[in-house]
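Chemist: what's the 3D shape of this:
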Amino acid sequence: MGARLVEIEDVYRSRYGAFLRVATAIVGEEQLARDAVHDAFVRAVVHRRRWRADAPLEAWIWRIVVNEARKRRRREARGLPAAAPPEGASENGAGEPLRALVAALPERQRLVLFLRYYADLDYHSIADALGIAVGTVGATVNAAHAALREQLQEVET
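Modeler: Got it, this is the predicted structure:
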């Protein structure tokens, strides 16, 4: 087996849970998310020569997983409400109200939050995965936090 295949397999084995959490958050259903992660890794293996060795492999795979999940959501989940965090993702008990607030965020804000908090990626990795600038990641996280804070204050009053 080639070195790139081994590296891709290592990422798969070590980060599958994070890939699945983020894909589930994007598509809103675990089975669709499993299919998206599977298709993403198939794509990564088939197109492994496109990965530039000077770029982080995991970020390249994250971009593929996010794109596959978004594509699957558009193609197979038409008519569903906006993507929300997966069931049980909230460990602080906020539950359904917080899920609804996150689902109402613009797509980029949701994706950045999913990658930051479900995948535990740093800003550089998120930027690489989404093909945006690191500063844009920071601004997007701040905007998402501000929007959620504002919505939570409205809910409390």
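
Chemist: center of this protein, which residue is that?
Modeler: With distances taken as C-alpha atoms, centre = their mean, Val22 lies nearest the centre of the chain, 3.8 Å away.

Chemist: and the helix or strand where that one lies, what does it pack onto?
Modeler: Here Val22, judged by DSSP states H and E, is contained in helix 3-27. Identification of packing neighbours for helix 3-27 by 3 or more C-beta pairs under 8 Å, 6 or more residues apart in numbering; DSSP states H and E yields helix 30-46, helix 57-76, helix 107-113. Every residue, glycine included, has its C-beta placed from N, CA and C.

Chemist: what packs against the last one?
Modeler: Helices and strands touching helix 107-113, as assessed by 3+ C-beta pairs under 8 Å, 6+ apart, comprise helix 3-27, helix 95-103, helix 123-130, helix 134-156.

Chemist: got any ranges where the chain has weak pLDDT?
Modeler: 1, 76-96, 155-157 (pLDDT under 70).

Chemist: switch to 50 and redo it
Modeler: 80-85, 88-92, 94 (pLDDT under 50).

Chemist: quick one: contacts for the closest residue to Ala119 other than its chain neighbours?
Modeler: Leaving aside its sequence neighbours, Ala119 sits nearest to Ala18 (C-beta to C-beta, 6 or more residues apart in numbering; 4.2 Å). Going by C-beta atoms under 8 Å, 6 or more residues apart in numbering, Ala18 touches 118-120.

Chemist: sorry, back to before: JSON lines for the helices and strands packed on helix 107-113, including distance to Asn67?
Modeler: Putting the helices and strands packed on helix 107-113 into JSON lines (distance: least, C-beta to C-beta, whole Å) gives the following:
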{"stretch": "helix 3-27", "distance to Asn67": "10"}
{"stretch": "helix 95-103", "distance to Asn67": "20"}
{"stretch": "helix 123-130", "distance to Asn67": "10"}
{"stretch": "helix 134-156", "distance to Asn67": "17"}
